[in-house]
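Engineer: Sequence and predicted structure, then a few things I'm wondering about:
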Amino acid sequence: MILLQGRLPPGEDRRSTLSACAQACDGEGLDLSTVLQEMSIEGYPPIYWAIVNRSVASERGMAPDSLMAALLAACRPLSPATLTAIRVACTMASDNVLLQQLFRLIPPLSHISTRDALLLGPANEEDRVDVDEKRNGTGSWVALIKIPRFRLRMRVCQSVSVEFIASGRMWILTFSAVVETSPDGRTENRWYLSLELEEHSPPTAVNAALVILGPSGASEGGDVVDLVRSIPLCPPMSELSPGHDKAIKIRLDDGPMGPYLLNEFVGIIHAAPYAN
């Protein structure tokens, strides 16, 4: 029962407790991983409570010897329901550092496509999103986003998405390339940008803009590009509800020079959401 409540002794004692629990489960014909992933505590598995119950004084992210690490190791393989519970717990804790760390440790936790993984794997590259939440009561935040091999991934995959947590919500930023047919029958490749809230996030009114940065030498062929373009993501204080069909969607190729030349996308989102 102590284990299911998310309370375990530290260090070696914790590992001994988990080992004893595994032996007890074996003796009863049970699988410890299955038991630990049951929605046994107020509709959630123990790993959910281990994430949301961490001390506010603890560091962001996950220490190798933490309760979370011990439970994750004991729960393998993780079920789809447990993966969802982990995502929700990180959102409730508003811990983007932990979410990004878990994306790297548990690939099925993120929504990155197989093609993206194949393109990033050989060079051991990964998307990075660092969030700075302003602790001034406004709910404002800034997200620095780096997407390696951006142009190639757009060509091969036709879309690239990053997920991150800010202000107690999970956000999804997506670039997509769509072939559209004009009234005269010509086909054109259009680029779109969308910002959406993940389904378990509460709705919010948001005022946000994306600044696209093109560092020197970022273009293909080594040409120098110093690009700064600010894109309003929505009218000020627009209402945004969770779900893909509620996403803010903007056509990118209507404006001046966009991200099409960038091997690595670097951008910053400035946002000031306000809960209803």
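Structural biologist: Cool, the structure landed. The structure presented is a predicted model; accordingly, all values stated were derived computationally and were not measured.

Engineer: only C-alpha atoms for contact and neighbour calcs from this point on.
Structural biologist: OK.

Engineer: Tell me, how many residues neighbour Asp132?
Structural biologist: Neighbour count of Asp132, defined by other C-alpha atoms under 10 Å: 14.

Engineer: Next up, the contacts around it.
Structural biologist: Trp141, Val142, Ala143 (C-alpha atoms under 8 Å, 6 or more residues apart in numbering).

Engineer: ok, now Trp191?
Structural biologist: Phe175, Ser176, Ala177, Val178, Arg251, Leu252, Asp253.

Engineer: Among these, name the buried ones.
Structural biologist: Phe175, Ser176, Ala177, Leu252 (16 or more other C-alpha atoms under 10 Å).

Engineer: Which members of the contacts of Asp132 are positioned in strands?
Structural biologist: Residues of these located in strands (DSSP state E): Trp141, Val142, Ala143.

Engineer: for this protein, what spans make up the strands?
Structural biologist: Under DSSP E, the chain gives strands at 128-133, 141-147, 159-166, 169-181, 187-197, 204-206, 208-214, 227-232, 238-240, 248-251, 265-271, 274-275.

Engineer: domains in this protein, as residue ranges please.
Structural biologist: 11-104, 114-275 (automatic domain parsing).

Engineer: so how many other residues sit close to Asn124?
Structural biologist: 8.

Engineer: And for the one 3 residues further on?
Structural biologist: Counted with other C-alpha under 10 Å, residues neighbouring Asp127 total 20.

Engineer: In contact with it, which residues?
Structural biologist: If you count contacts by C-alpha under 8 Å, 6+ apart, Asp127 has them with Ile145, Lys146, Ile147, Pro148, Val162.

Engineer: how about a cut-off of 7 Å?
Structural biologist: Taking C-alpha atoms under 7 Å, 6 or more residues apart in numbering, we find Asp127 in contact with Lys146, Ile147, Pro148.

Engineer: just Thr82 next, same as before
Structural biologist: Thr82 neighbours (C-alpha under 7 Å, 6+ apart): Gln37.

Engineer: No further queries at this time; thank you.
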